[in-house]
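S.K.: Have a look at this prediction, sequence included:
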Amino acid sequence: MVQIIKDKDELKTFLKAAGCKLVVVEFSAKWCGPCKRIYPLIRAMSLQYGNVMFANVDVDDSKELAQEYHINSVPTFQMFKQTQKVTLFSRLKRATCCYGNGFVSEPIFEFCGADAQKLEAKIQELM
Amino acid sequence: MHQAALLGGMIRDAPHYGWDVAQPVQHDWKKMAEAVQNHVKSLNWGHRVQLQDRKVKYFNIKASFVNEHTISGVTKGGKETLLSAEHIVIATGGRPKYPTHIEGALEYGITSDDIFWLKDSPGKTLVVGASYVALECAGFLTGLGLDTTVMMRSIPLRGFDQQMSSLVTEYMASQGTHFLKHCIPSRVQKLPDGQLQVTWEDLTSGIENVGTFDTVLWAIGRIPETRSLNLENAGINTNPNSQKILVDAQEATSVPHIYAIGDVAEGRPELTPTAIMAGKLLAQRLCGQSSDVMDYSNVPTTIFTPLEYGCVGLSEEEAIAHYGEEHVEVYHAYYKPLEFTVAERDASQCYIKMVCLRKPPQLVLGLHLLGPNAGEVTQGFALGIKFGASYKQVMQTVGIHPTCAEEVVKLRISKRSGLDPTVTGC
C-alpha cells in the first residue's frame, strides 16, 4: 500500500519506521496527467515489493514539504535509505544487522517523470 | 477551449481530405474542462515554484494599505500581518463586471471567471456583451456545438477597428452564433425547471422580448479591484470613473515609491504581455540596472474568435483621425486560406488591411488580419512595424508560399483605387 504523507513530522515518522528498508516517496499532484497514469503501477509495486516502503506527498496539500525537498516538477520520486550512500561497506552492514543512528532525511536518489520501468529498475537496484 | 472548438471544425473538414471520420462527432465538456483546469493548476504551481527558486517570499494574504509605507495582509483564517517596504508595486488587475442594476444578474449569471471552471456543459447560453471576451466565449461555445446567442447594446469590439470587428461578427453569424443587436437585458429570472428566463429591450423597435437559456454569461467589461486596497490611506490617486490607479510613464502613482502596472493602471492596454514587460522594466529601473521605460505603442494583440483577428498599430479610424484621410493609404485584400479550399469552407471574411501614411516610403501605421492563426502571423509583422517598417519594405519582403501570411507582403490594391481587392490565382 502507498502511505499518504501530509507533513514533515509524518515523513520523519515514516522514515524512522522504515528502519533499513528502502523508502520510495512520490511527489505528485491531482492535476498531473502522468501522475494519474503511473499511480496504479506504483500501487502494484507497493504490493509486490514487501520490503520496500511506498509513500505519496501531494504538492498542493503539502506545500511546505514539497518546497523543502525542492520539488519543481511532478511526478518526482525520491528514495531514502538509512545508509547515506549505497557502497559495498554499507551493503555488508545491511547484511549483518540494522545499523545506523536514527534515520536519513536526505534522499539517496531522485528522478522526475512517470517512467515506471526506470522506477522499478532503481528500486530493485537499491532495495 | 478555442482550440477544442477549432478541432471540431477540422473533424468536419477531415472527410474532404479522405479521412473516414463518422459524423457528427460528440463533444464531452466534462473531459475538456478537466483538461483545461488541470493545465491552469499546473501553471499556478509552476509560478509558485519559480518564485521559490528565485527566493521570492510569497504571502498568500489579502492586502490593503495602512499608510504609504505599510501594508496589512489578512490570511484566509483571519490572521493579520503587517508588512513594510521601500518600494511597493500594485498589480491587482481587474475582474469581470456584473450589471448589478439588472434584477437577477448576480444570482443567476456567471462571468468569464466561471466558464472555465464549470464541471458541466453550460448548455444553451446567452452571452451579454460585445467585448473580445464575449465574442471569444460565444465563438468557442458555438464551435463546441452549443446553442449560443450574443446580446449587444451597440457596436462590437469597442476600441478596435470597426470594419474588422464587423467581419468578425459576420463570420461568427455564418457559423451559427445568434446575434441580438441593439438589445439590453432588463432582468433574469429562474424558472421552475432550472432554466433562466431573460427579459430584454430591443432598442430599435422599443419592444420587450423574452428568451430562455441554461446559462447567462456577463461579458460587459472589467473593473479594477481597488476599493478593498484602501488606496486613500496611502494617498494614491485613482480615476473616479474607471477606478484605475493614475500612473506616469515610469509606472509611478501619485506616491513616488508606490507603482502600479497592468490592468489596474489607468491608460494601459489591458494585455498580459504588456504588464509583464512593464513589470520587468520597472524592476530593472528600481535595481538601477537600466533607465528604459515601457513603450506602449505598436503592441500587437489577437482576438481568438473562431476566425482570429490579429492587429498591431492604429485602426483605420484612428489613423484617419490623427493624420487626415488625404494622408492615409489603406491597402487591402480578401484572400482564401489554402486549408479552406478542399474543405469547401466559406472564406468571405478572410481579409487583410494595412494602414499606411500616403507619403513615401509609406510608414505602416497599422496591420489588421482576419484569418486562421492570425496570432502567429501578426507576431512576426509586429517586429517590423514596431521598428518603423514602410509599405515599401513590406513589398520588398518575399512571401512564403503557401501561407496566409504571404498575402500581407503582396498587398497591392488600395481602398482609394476602388479596385476589387479579392486575391485571385494561386
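M.R.: Arrived safely. Treat the numbers as computed from the prediction; the structure is a model and nothing was measured.
S.K.: Distance of B:V49 relative to B:V36?
M.R.: Going from B:V49 to B:V36 by C-beta to C-beta, to the nearest Å gives 21 Å. Every residue, glycine included, has its C-beta placed from N, CA and C.
S.K.: no, scratch that, I was asking about A:I108
M.R.: When distance is defined by C-beta to C-beta, A:I108 is 38 Å away from B:V36.
S.K.: Now do the helices in the stretch 151-300 of chain B.
M.R.: Per DSSP state H, counting those that start in this stretch, the stretch 151-300 of chain B carries helices over the ranges B:162-174, B:272-286.
S.K.: Check chain A too.
M.R.: Ranges of helices in chain A, per DSSP state H, are A:8-18, A:33-48, A:63-68, A:88-96, A:116-126.
S.K.: quick one: buried residues of the host helix or strand of B:Q3?
M.R.: Using DSSP states H and E, B:Q3 sits in helix B:2-13. In terms of neighbour count (16 or more other C-beta atoms under 10 Å in any protein chain shown), helix B:2-13 has its buried residues at B:A4, B:A5, B:L6, B:G8, B:I11, B:D13.
S.K.: Past that helix, which element shows up next along the chain?
M.R.: helix B:29-53.
S.K.: can you give me the mean pLDDT across that following helix?
M.R.: Average pLDDT, helix B:29-53: 94.
S.K.: In it, which residues are buried?
M.R.: By 16+ other C-beta under 10 Å, the buried positions in helix B:29-53 come out as B:W29, B:M32, B:A33, B:N38, B:W45, B:R48, B:V49, B:Q52.
S.K.: Out of the residues you listed, which are close to chain A?
M.R.: Applying C-beta under 8 Å from any C-beta of the partner chain, the subset of the buried residues of helix B:29-53 adjacent to chain A comprises B:N38, B:W45, B:R48, B:V49, B:Q52.
S.K.: which residues touch B:E80?
M.R.: By C-beta atoms under 8 Å, 6 or more residues apart in numbering or on different chains, the residues touching B:E80 are B:S72, B:G73, B:V74.
S.K.: count of neighbours near the last one?
M.R.: The number of residues packed near B:V74 is 13, by other C-beta atoms under 10 Å in any protein chain shown.
S.K.: Let me see the contact set for it.
M.R.: By C-beta under 8 Å, 6+ apart, the residues touching B:V74 are B:I61, B:K62, B:E80, B:T81.
S.K.: Can you tell me how far the third one is from chain A?
M.R.: So the one you mean is B:E80. 21 Å (C-beta to the nearest C-beta, to the nearest Å).
S.K.: Run through the bridge partners of that residue.
M.R.: B:V74 (DSSP bridges).
S.K.: The second one too?
M.R.: In this structure, B:K62 has beta-bridge partners B:V74, where bridges are defined by DSSP bridges.
S.K.: I figured it hits B:S228, correct?
M.R.: Yes. Judged on C-beta atoms under 8 Å, B:K62 makes contact with B:S228 at a distance of 7.3 Å.
S.K.: For the nearest residue to B:H327 once chain neighbours are set aside, give me the pLDDT.
M.R.: Counting by C-beta to C-beta, 6 or more residues apart in numbering or on different chains, B:R358 is the residue found nearest to B:H327 once chain neighbours are left out, at 5.2 Å. We have a pLDDT of 98 for B:R358.
S.K.: same check, this time on A:K85
M.R.: You'll see A:K85 listed with a pLDDT of 40.
S.K.: just how off-centre is stretch B:324-333 within its chain?
M.R.: Chain-centre distance of stretch B:324-333: 26 Å, with C-alpha atoms, centre = their mean, to the nearest Å.
S.K.: The spatially closest residue to A:R43 that is not a sequence neighbour: neighbour count?
M.R.: Spatial nearest neighbour of A:R43, excluding adjacent residues (C-beta to C-beta, 6+ apart): A:V2 at 5.9 Å. Number of residues near A:V2 (other C-beta under 10 Å) recorded here: 17.
S.K.: got the phi/psi numbers for the closest residue to A:N51 other than its chain neighbours?
M.R.: Closest residue in space to A:N51, ignoring its immediate chain neighbours: A:K21 at 5.6 Å, by C-beta to C-beta, 6+ apart. Backbone torsions for A:K21, taken as degrees, to the nearest 10, come to phi -70, psi 150.
S.K.: Might one say that A:K21 is in contact with A:M53?
M.R.: Yes. Counting by C-beta under 8 Å, A:M53 is a contact partner of A:K21 at 5.4 Å.
S.K.: Quick check, pLDDT for the closest residue to B:L229 other than its chain neighbours.
M.R.: Once flanking residues are discounted, B:L229 sits nearest to B:S64: 5.3 Å by C-beta to C-beta, 6+ apart. We have a pLDDT of 97 for B:S64.
S.K.: next one: A:L22
M.R.: On the pLDDT scale, A:L22 gets 93.
S.K.: Report the separation between it and A:E125.
M.R.: Distance, A:L22 to A:E125, using C-beta to C-beta: 10 Å.
S.K.: Kindly report the same for B:R12.
M.R.: Distance check for B:R12 against A:E125: by C-beta to C-beta, it reads 52 Å.
S.K.: Restricting to C-alpha, output the helix or strand B:E318 falls within in CSV.
M.R.: Using DSSP H and E, B:E318 maps to helix B:316-323. The C-alpha coordinates for helix B:316-323 follow below in CSV (Å, rounded to 0.1, in the frame of the first residue of the first chain):
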residue,chain,number,x,y,z
GLU,B,316,-8.1,52.8,-39.9
GLU,B,317,-10.3,55.2,-37.9
GLU,B,318,-7.5,56.2,-35.6
ALA,B,319,-5.1,56.8,-38.4
ILE,B,320,-7.6,59.0,-40.3
ALA,B,321,-8.5,60.9,-37.2
HIS,B,322,-4.8,61.5,-36.4
TYR,B,323,-3.4,62.2,-39.9
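S.K.: can you give me the mean pLDDT across that helix?
M.R.: pLDDT averaged over helix B:316-323 gives 98.
S.K.: now the residue lying closest to A:F109 once chain neighbours are set aside: how far from chain B?
M.R.: Once flanking residues are discounted, A:F109 sits nearest to A:M79: 4.4 Å by C-beta to C-beta, 6+ apart. Going from A:M79 to chain B by C-beta to the nearest C-beta gives 21 Å.
S.K.: Could you do A:G50 as well?
M.R.: For A:G50, the distance to chain B equals 34 Å [C-beta to the nearest C-beta].
S.K.: give me the beta-bridge partners of the residue nearest to the spatial centre of chain A?
M.R.: The centroid of chain A falls nearest to A:V24 when counting by C-alpha atoms, centre = their mean (1.8 Å). Beta-bridge pairing of A:V24 under DSSP bridges involves A:F54, A:M79.
S.K.: List the contacts of it.
M.R.: Counting by C-beta under 8 Å, 6+ apart, A:V24 has contacts A:V52, A:M53, A:F54, A:A55, A:F77, A:Q78, A:M79, A:L119, A:I123.
S.K.: now do A:C32
M.R.: With C-beta under 8 Å, 6+ apart, A:C32 has these contacts: A:V74, A:P75, B:N38, B:S42.
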